[in-house]
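[1] Give me a 3D structure for the following:
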Amino acid sequence: MTGESEITEHRFGLCPKQPVVCVSQTVIDNQHEPFCAGGPDGGGGMSGSVRRGIGAALFGMRTLNQNRNLLWFAVLAGLVLAGNTIGQSSRYFISWNMHMQLGIMYDVLEFLIEFATIFCLVFLLVVLFLSIPREEGVSSSLFAGIAEAKKYLKAISIWSFLLSLAGIFLDKALNSQSLLGWPQELWKFNLFGYFNSFIFSTLSSFPFNLSLRWDLFTEIPGYGGRSVLFWIYPGLVETLMMSVINLLLLILTLFVVPLIVLEQKTLREAVAGSFALMKKIRVEAAACAVFLGVLVLGVFLMYLLVEAAHGIFAPMEVVSYIPSVTWTAIGLFYDIILFSVVFVVATVGGIAVLDLYNSAKSRQEYRFLEPESCL
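    This next block holds a predicted model:
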């Protein structure tokens with residue numbers, strides 16, 4: 001059957017099958033790869049899925065470049081985590097430095113700080129989804145996104161509460177071998193504990209610790225006593241650890257927020273739908289996350305170059321624990337660059353989530369068709 005006669009038979013009812021229309025993504029323009037290029041799995045096998053995942057990240061970068069006002073989300077996310085650091089540091093200061101026995105209030109404060117942080121981040125994610133332009137030539141609007149996001153405050157609050165409970169439980173479980181029921185000989189396999197030690201030791205070195213004074217982390221009389229850094233740095237470490245846990249939870253429930261906001265799903269339907277969509281697009285999501293993570297890791301590992309250069313060109317400063325104004329400025333500049341990259345990449349990741357969501361929804365719609373070809 002030729003192509004022309006086939007279409008004719010479809011139109012006049014001579015063929016039992018209905019005409020097939022190739023499904024493509026319709027919400028966001030400038031797509032990086034046609035969806036219909038290979039069937040319900042998107043085509044290309046594993047390598048094709050990886051390319052589409054990286055393409056989602058690149059799409060996020062292009063969208064952010066075309067809508068610079070979306071950078072406000074990076075700024076606001078940074079302020080949220082700064083507030084979390086202040087809260088965690090204050091909790092640490094009250095409990096340890098003032099020797100106050102808070103009892104269960106210590107855990108209550110931890111949960112309230114976690115809930116406030118998650119609520120703000122999820123709210124910003126909703127605003128981001130609602131601010132991304134749906135059509136070419138339309139600019140993004142931060143204030144319009146905020147106004148529209150207020151309609152979802154109840155769902156955001158409930159979802160943030162559940163994520164906070166899960167985050168606190170994971171934090172307690174990973175920091176308590178007895179809660180996990182691990183035998184003592186298996187404690188050495190607690191990677192979370194090693195990561196905690198790595199974060200603290202890294203933050204204690206140049207260029208993250210610009211003072212280079214080890215006594216700022218001690219309580220030994222005659223060596224500085226209790227310093228401000230003694231309670232700020234543990235709070236920062238706790239913030240970073242909880243941020244890793246929160247990021248893991250958000251990745252595992254990647255499409256809950258888009259389903260609530262874009263399809264008006266209930267929370268239960270959004271959670272079930274998110275897992276269903278993740279099964280279809282898990283390779284793409286993993287490739288996108290790894291790609292963005294490698295970018296952040298590359299910038300982070302540059303601190304080794306800064307630290308080595310300081311040791312080579314100013315060895316006496318390292319011995320005396322007193323860096324010069326020049327090296328202090330270099331270290332501070334690197335710190336600003338690193339944290340800026342982290343929050344900009346986080347914004348790109350949020351935009352990429354929406355692109356992955358559209359791809360997953362298109363794949364779900366494609367499942368109900370039996371195409372012979374893409375016209």
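
[2] Determine the longest helix present in this structure.
    helix 267-313 (DSSP state H).

[3] That helix - contacts with which helices or strands?
    Packing partners of helix 267-313 (3 or more Cβ pairs under 8 Å, 6 or more residues apart in numbering; DSSP states H and E): helix 45-66, helix 153-175, helix 228-252, helix 256-263, helix 315-320, helix 325-366. Heads up, the C-betas are built off the backbone N, CA and C, glycines and all.

[4] quick one, the fourth one and helix 153-175 angle?
    In other words, helix 256-263. Interaxial angle, helix 256-263 versus helix 153-175 (axes from the mean of the first three to the mean of the last three Cα atoms, to 10 degrees): 170 degrees.

[5] can you check the third one too?
    An angle of 110 degrees separates the directions of helix 228-252 and helix 153-175 when computed by the same axes, to 10 degrees.

[6] And helix 228-252, what's buried?
    If you call a residue buried by 16 or more other Cβ atoms under 10 Å, then helix 228-252 has these buried ones: 229-246, 249-250.

[7] again with the fourth one
    Within helix 256-263, the residues that count as buried by 16+ other Cβ under 10 Å are 256, 257, 258, 259, 260, 261, 262.

[8] Relative to residue 288, how far out is the closest residue in space to residue 258 that isn't next to it in sequence?
    Nearest residue to residue 258, sequence neighbours excluded (Cβ to Cβ, 6 or more residues apart in numbering): residue 357, at 4.5 Å. Here the criterion is Cβ to Cβ, to the nearest Å. By it, residue 357 lies 12 Å from residue 288.

[9] Which one's more surrounded, the two?
    residue 288 (29 against 26; other Cβ atoms under 10 Å).

[10] residues contacting the residue nearest to the more buried one when sequence neighbours are not counted?
    Leaving aside its sequence neighbours, residue 288 sits nearest to residue 53 (Cβ to Cβ, 6+ apart; 4.2 Å). The contact partners of residue 53, by Cβ atoms under 8 Å, 6 or more residues apart in numbering, come to 283, 284, 285, 286, 287, 288, 291, 356.

[11] Tell me how many other residues surround the last one.
    Burial measure for residue 356: 26 neighbouring residues, criterion other Cβ under 10 Å.

[12] do the same with residue 347
    Other residues close to residue 347 by other Cβ under 10 Å number 23.

[13] for it, what are its contacts?
    60, 64, 70, 71, 73, 74, 77, 128.
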